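[1] Provide a 3D model corresponding to the input given below.
(one chain, ligands or ions: 1)
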Amino acid sequence: MAMGYRTLASLLLIAVMQGGAAVPEASEPPVARSQATAELPKLIVHKSPTCGCCQAWVGHMRKAGFPVEVRDTGDLAAIKARVKLPYGLGSCHTAQVGDYFVEGHVPAEDVKRLLAKRPAARGLAVPGMPIGSPGMEQGGIVQPYDVLLVAPDGTTTVFARHGQ
Ligand SMILES: [Cu+2]
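    Numbering: from 1, shown residues only. The predicted structure is shown next:
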C-alpha cells in the first residue's frame, strides 16, 4: 500500500477544509450559484404532520432559496407510488420539483445541480435518514451517505457522496 492511513486522512481533511464536503461526479462544472438561486422552481413537500426532521429539511431548502409548499398527508405511500419511487429507496418525506421527485434528506445543493443538469431521471433519493444529512443534524456527526439518481427505468447511480 503506497499511501498510509495517516496520509490519506490528512488528504481528506484538506479536501474538507477546501469545502469539498460533497464530492460531485467528476467532469461536471459547478453550478453557478447566483443563477441557480434566481430561478429556483417551487418545491412541494409531502410529509406527515408530526414529522420533525421533515420540517427541519423544509427549513434547509427554504434557506437555500427554494419556495416550498408543504402538504401534510396521512398517506405518504400513495405519494411515493404516484411519483414512481422504487421500492426500498423510501425516507420520511417525498418532495416534487418540476417533473422530479426528491426523496428524503437530499442536500439543497444536489437538487440545484439536478435542476441545472436536467438529466432524464425520475429524481433523487437519500434512502432512510442518515445522521448528519440536512434536517438530521446531531452534533457534528455525519454518517456517510449517497444521494442516488433514479433513472427512468428505476435503476440508480450515485449522484453525490457526503460525509466521506
Ligand atoms: Cu427525516
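[2] C-alpha from now on. contacts and neighbour counts both.
    Fine.
[3] Burial check on residue 140, number of neighbours?
    As a burial measure, residue 140 scores 8 neighbours (other CA atoms under 10 Å).
[4] Provide a list of residues in contact with it.
    residue 132 (CA atoms under 8 Å, 6 or more residues apart in numbering).
[5] again, 10 Å this time
    Residue 140 makes contact with 131-132, according to CA atoms under 10 Å, 6 or more residues apart in numbering.
[6] pLDDT score assigned to residue 17?
    Note on residue 17: pLDDT of 42.
[7] if you look at stretch 96-105, does any of it touch the ion?
    No. Stretch 96-105 stays out of contact with the ion when judged by CA under 5 Å from the ion, the minimum separation being 6.4 Å.
[8] Repeat that for stretch 73-80.
    No. Judged by CA under 5 Å from the ion, stretch 73-80 stays clear of the ion, getting no closer than 13.0 Å.
[9] Now the most centrally placed residue in the chain. Nearest residue, chain neighbours left out?
    The residue lying closest to the centre of the chain (CA atoms, centre = their mean) is residue 106, at 1.7 Å. Nearest residue to residue 106, sequence neighbours excluded (CA to CA, 6 or more residues apart in numbering): residue 126, at 5.8 Å.
[10] Correct me if wrong: that neighbour contacts residue 145.
    Yes. Contact criterion CA atoms under 10 Å: residue 126 and residue 145 qualify, at 7.6 Å.
[11] list residues touching both of those two?
    Joint contacts of residue 126 and residue 145 (CA under 10 Å, 6+ apart) are 106, 133.
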